[in-house]
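Student: kindly generate the corresponding structure for this input.
(4 chains)
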There are 2 protein chains.
Amino acid sequence: MSRPAKANVSKRVTVYDVAKEAGVSAQTVSRVINNQGYISDKSRTLVSAAVDKLGYVPNRAAQMLHTRTSNTLEIITFGNSPFKFQGPFTGMVKASQDLGYHLSFAMSPEEEVAEALNSIVSRLIDGIIFIDVHNKLGGNIPEQLQKTIPYVFLGQPSGFKGPAVSYDHRHGAHLAVNHLLDLGHTRIAEIRGPLDDIDAIERHQMWLELASEVGLEPHLVEIGDYSYKGGYTAALNLLAKDNAFTAILVANDSMAVGAMRALAEQGFNVPEDVSIVGYDDAAHAAYVSPALTTVAQDFDGLGRESIKYLVERVQHPSQAVEHRLLQPELVIRESTAEAV
Amino acid sequence: MSRPAKANVSKRVTVYDVAKEAGVSAQTVSRVINNQGYISDKSRTLVSAAVDKLGYVPNRAAQMLHTRTSNTLEIITFGNSPFKFQGPFTGMVKASQDLGYHLSFAMSPEEEVAEALNSIVSRLIDGIIFIDVHNKLGGNIPEQLQKTIPYVFLGQPSGFKGPAVSYDHRHGAHLAVNHLLDLGHTRIAEIRGPLDDIDAIERHQMWLELASEVGLEPHLVEIGDYSYKGGYTAALNLLAKDNAFTAILVANDSMAVGAMRALAEQGFNVPEDVSIVGYDDAAHAAYVSPALTTVAQDFDGLGRESIKYLVERVQHPSQAVEHRLLQPELVIRESTAEAV
DNA sequence: GAGGGTTCTGTTATCGCTAACAGAATGACG
DNA sequence: CGTCATTCTGTTAGCGATAACAGAACCCTC
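Tutor: Okay, here's the model as predicted:
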């Protein structure tokens, strides 16, 4: 790979130029810029004026070289499913800016984790957010990293015992299932998410556990790909197998809407004939008809919290490791009703 | 703001350590690592072995300091509407990795553009993607930057004459309108996008121009916020004003779906009574019922192209400036039909 | 084997900043 | 007025890499 053309910075202004202009030493300039140590008001004023006059901008590379810190966090996602990190994305960008860090992104195939981590070490990254939708790493980080760079996983299964921030999908599934049970449903079908999606796995597991607890047989399951179409197809498949169920647990709102469409086309009314519970509280959930009962997650908050926790770990490395679980909430709208 | 705790890099391996281990000079190590100049097979082997043995990772800060290049591109969005850049996002990340660049992100209020740019200069960023949804900058970049750092705007109006990559919204509107005209529609309503959205403005303008060309009066306009609910409400408002229109041009697919719902609830059939053309070809467009006729844009490709062009500009700064327009395509499905 | 190119390697200096140290200047106090 | 702490400032050195230079080793060729 050829080296890119050098940015044509005409003549960079350095601390020495500023020092000369202000009639002080470079060290004093540095002290003013970093607001560190003792500086007289006079020096401060002189330096500030010189900085403004010359348009001085510190060279982060030199600072990095000396301080061994880049003030940058990196987000690494594995595989090609950025789907899930679009939600938390804005929150992450905002939070890192609020906390004074830059943010950088990388997508890495699982096989190239080692390279990605080398790149991180190379760039003196201060901390890492790992997003591993398919749990390919299994929460395992190369040893080399364990002690050197703070990291936080975003969205690991609730059993994960490393540093992580996730939504509690077991709790979410609990809310959804209990809501249906409270309404008297006993024939409950499920449209679950992809088999390799860690969130989907957790929610599905929870449903199996709860069903077993109350003595229900969770035999009616279809798998969807989280898309509208996936939900549509899954619902038709369910109807083809059995049409006596009175409720469907759906793994996300898009599929829930697709499923409602399929049911409507087949002459079933929601919620009179079949109750539907979605998941996510997506933007359209409140506005479809009937409005969707769903389990709400705040993705922006998730992103924000992950960065917040990472920065805590960066600044206080000795702090105990924890898995922060955010609690989703049930939002009851019109798509669920008493079982017939 | 307190300086974050220093990353506890125990003892960093440097070129000198590698040189010592391999029994060559530091310069030779550098040459092997950068695959530059003449190196004997013997040296190459020795150095590679030493690198592996010691786990050497180059220090980008030192490289940056010396080469004045960070190999990093930055994406800056203005205001708090990251909405539009979620689409091109994945394409940008992938493309920059393919081209050997790192990617960093920032969101900046318009008032703080100067600070954001200082930060960029500070970090020796090689190139910038500006995303300015509301066109607050009006394509104007501080002079300071003009000659120093290559940049590319993503999604400027087609008239913009600086470096940019955008979808041709005028062409897209053209496709949508012509399709309706071809079907014999003469009473065409419009649900346009937000007043401060540059894409929405262009599409709306184009519709006005075309209407005027063929002698139609485009008096039926509602404004929506690109959401499902916005489309729903806008459609109801249109019906309240006039129920003789036979088609609606809608600024995006979410609103189109909302509008279809509203029409259905009011007893109008799509496309028998009213034809609907959406915009974007969103994931669900093909699966709603009736499937949506829409103008397709490839957001992933848009992101990819923007990075590709930026890298071209970074590597060949003297290359002529251009505004690359990607052409959307009309996808005809079931929501449009001959005018009655 | 003298001259001239090509291949390879090492030495030196420098990018811009700041930690560590040391040395002034100032004031406080007995 | 001497001693000591406090405030302020400057000097030196080094972070880790590489460009520029210079020099060595190795081919050719005539």
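Student: could you use CA atoms for every contact and neighbour count after this?
Tutor: OK.
Student: ok, and the closest non-adjacent residue to residue A:48?
Tutor: In space, and not counting its chain neighbours, residue A:48 is closest to residue A:32: 7.8 Å by Cα to Cα, 6 or more residues apart in numbering or on different chains.
Student: actually residue A:234, sorry about that
Tutor: Here the residue nearest residue A:234, using Cα to Cα, 6+ apart, is residue A:222, at 5.6 Å.
Student: show me the contacts for that neighbour.
Tutor: Residues near residue A:222 by Cα atoms under 8 Å, 6 or more residues apart in numbering or on different chains: A:190, A:191, A:192, A:234, A:235, A:237, A:238.
Student: most widely separated two among those?
Tutor: Using Cα to Cα, the pair of those lying farthest apart is A:192 and A:237, separated by 12.9 Å.
Student: between these two, who's got more neighbours?
Tutor: More crowded of residue A:192 and residue A:237, by other Cα atoms under 10 Å in any protein chain shown: residue A:192, with 24 against 16.
Student: the residue nearest to residue A:234 in helix, strand or coil?
Tutor: strand (DSSP: H, G, I helix; E, B strand; the rest coil).
Student: I'd assumed residue A:334 was in contact with residue A:272.
Tutor: No. Using Cα atoms under 8 Å as the test, residue A:272 is too far from residue A:334 to be in contact (10.1 Å).
Student: neighbour-wise, which of the two wins?
Tutor: Between residue A:272 and residue A:334, counted using other Cα under 10 Å, residue A:334 has the larger neighbour count: 19 against 14.
Student: quick one: the more buried one and residue A:293 touch, right?
Tutor: Yes. Residue A:334 is within contact range of residue A:293, at 6.2 Å (criterion: Cα under 8 Å).
Student: still on that earlier bit, could you list every helix and strand that the helix or strand where the residue nearest to residue A:48 lies packs against?
Tutor: Taking DSSP states H and E as the definition, residue A:32 sits inside helix A:26-34. Using 3 or more Cα pairs under 8 Å, 6 or more residues apart in numbering or on different chains; DSSP states H and E as the contact test, the elements touching helix A:26-34 are helix A:15-22, helix A:41-54.
Student: if you set the cut-off to 7 Å instead, what comes out?
Tutor: On a contact count with 3 or more Cα pairs under 7 Å, 6 or more residues apart in numbering or on different chains; DSSP states H and E, helix A:26-34 meets helix A:15-22.
Student: what's the offset of the helix it packs on from the middle of its chain?
Tutor: Relative to the centre of its chain, helix A:15-22 is centred 45 Å away, using Cα atoms, centre = their mean, to the nearest Å.
Student: next: stretch A:40-58.
Tutor: Counting by Cα atoms, centre = their mean, stretch A:40-58 comes out at 41 Å from the chain centroid.
Student: CA atoms only for that stretch, dumped as CSV, please.
Tutor: C-alpha atoms of stretch A:40-58 as CSV (Å, rounded to 0.1, in the frame of the first residue of the first chain):
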residue,chain,number,x,y,z
SER,A,40,1.5,34.3,36.6
ASP,A,41,-1.4,36.3,35.1
LYS,A,42,1.1,38.2,33.1
SER,A,43,2.5,35.1,31.4
ARG,A,44,-1.0,33.8,30.8
THR,A,45,-2.1,36.9,29.1
LEU,A,46,1.1,37.2,27.0
VAL,A,47,0.8,33.6,25.9
SER,A,48,-2.9,33.7,25.1
ALA,A,49,-2.3,36.8,23.0
ALA,A,50,0.5,35.1,21.1
VAL,A,51,-1.5,31.9,20.6
ASP,A,52,-4.4,34.0,19.0
LYS,A,53,-2.0,36.1,17.0
LEU,A,54,-0.2,33.2,15.5
GLY,A,55,-3.1,30.8,15.3
TYR,A,56,-1.3,28.2,17.2
VAL,A,57,-2.8,24.7,17.4
PRO,A,58,-1.1,22.1,19.5
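Student: does it reach DNA strand C?
Tutor: Yes. For stretch A:40-58 and DNA strand C, the contact criterion (Cα under 7 Å from any atom of the strand) is met by A:57, A:58.
Student: got a pLDDT number for the residue in the stretch 51-200 of chain A that DNA strand C sits nearest to?
Tutor: Of all residues in the stretch 51-200 of chain A, the one sitting closest to DNA strand C is residue A:58 (3.4 Å; Cα to the nearest atom of the strand). Per-residue confidence (pLDDT) for residue A:58: 95.
Student: what about it, neighbour count?
Tutor: Residue A:58, neighbours per other Cα under 10 Å, totals 20.
Student: any idea which element the residue most central in space within chain A lies in?
Tutor: The centroid of chain A falls nearest to residue A:88 when counting by Cα atoms, centre = their mean (4.3 Å). Element membership for residue A:88 (DSSP H and E) is helix A:86-98.
Student: I'd say residue A:277 and residue A:250 touch.
Tutor: Yes. The pair residue A:277 / residue A:250 is scored as a contact, 5.9 Å apart, by Cα atoms under 7 Å.
Student: residue ranges with poor pLDDT in the stretch 1-150 of chain A?
Tutor: Scanning the stretch 1-150 of chain A with the threshold set as pLDDT under 70 gives A:1-10, A:80-85, A:144.
Student: closest residue of it to chain B?
Tutor: residue A:104 (4.0 Å; Cα to the nearest Cα).
Student: contacts only, for that residue.
Tutor: A:73, A:74, A:75, B:103, B:104, B:105 (Cα atoms under 7 Å, 6 or more residues apart in numbering or on different chains).
Student: need the three-state assignment for it.
Tutor: From three-state DSSP, the assignment for residue A:104 is strand.
Student: let me know how buried the nearest residue to residue A:79 once chain neighbours are set aside is, in neighbour terms.
Tutor: Among residues not flanking residue A:79 along the chain, residue A:109 sits closest, at 4.9 Å (Cα to Cα, 6+ apart). Number of residues near residue A:109 (other Cα under 10 Å) recorded here: 12.
Student: what are the phi and psi angles of residue A:109?
Tutor: Note on residue A:109: backbone dihedrals following degrees, to the nearest 10 are phi -60, psi 150.
Student: how much space between it and residue A:116?
Tutor: 9 Å (Cα to Cα, to the nearest Å).
Student: try residue A:31
Tutor: When residue A:31 is compared with residue A:116 (using Cα to Cα), they lie 35 Å apart.
Student: contact residues of chain A facing DNA strand C?
Tutor: A:11-16, A:26-27, A:29-31, A:33-34, A:57-60, A:62-63, A:65-67.
Student: now stretch A:188-206: mean pLDDT?
Tutor: pLDDT averaged over stretch A:188-206 gives 94.
Student: okay, the contacts of residue A:104 in JSON lines with distance to DNA strand D next?
Tutor: Output for the contacts of residue A:104, formatted as JSON lines (distance: Cα to the nearest atom of the strand, whole Å):
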{"residue": "A:73", "distance to DNA strand D": "20"}
{"residue": "A:74", "distance to DNA strand D": "20"}
{"residue": "A:75", "distance to DNA strand D": "23"}
{"residue": "B:103", "distance to DNA strand D": "20"}
{"residue": "B:104", "distance to DNA strand D": "21"}
{"residue": "B:105", "distance to DNA strand D": "25"}
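Student: possible to save those residues as a markdown table with distance to residue A:305?
Tutor: What follows is the contacts of residue A:104, written out as a markdown table (distance: Cα to Cα, whole Å):
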| residue | distance to residue A:305 |
| --- | --- |
| A:73 | 14 |
| A:74 | 15 |
| A:75 | 14 |
| B:103 | 22 |
| B:104 | 20 |
| B:105 | 18 |
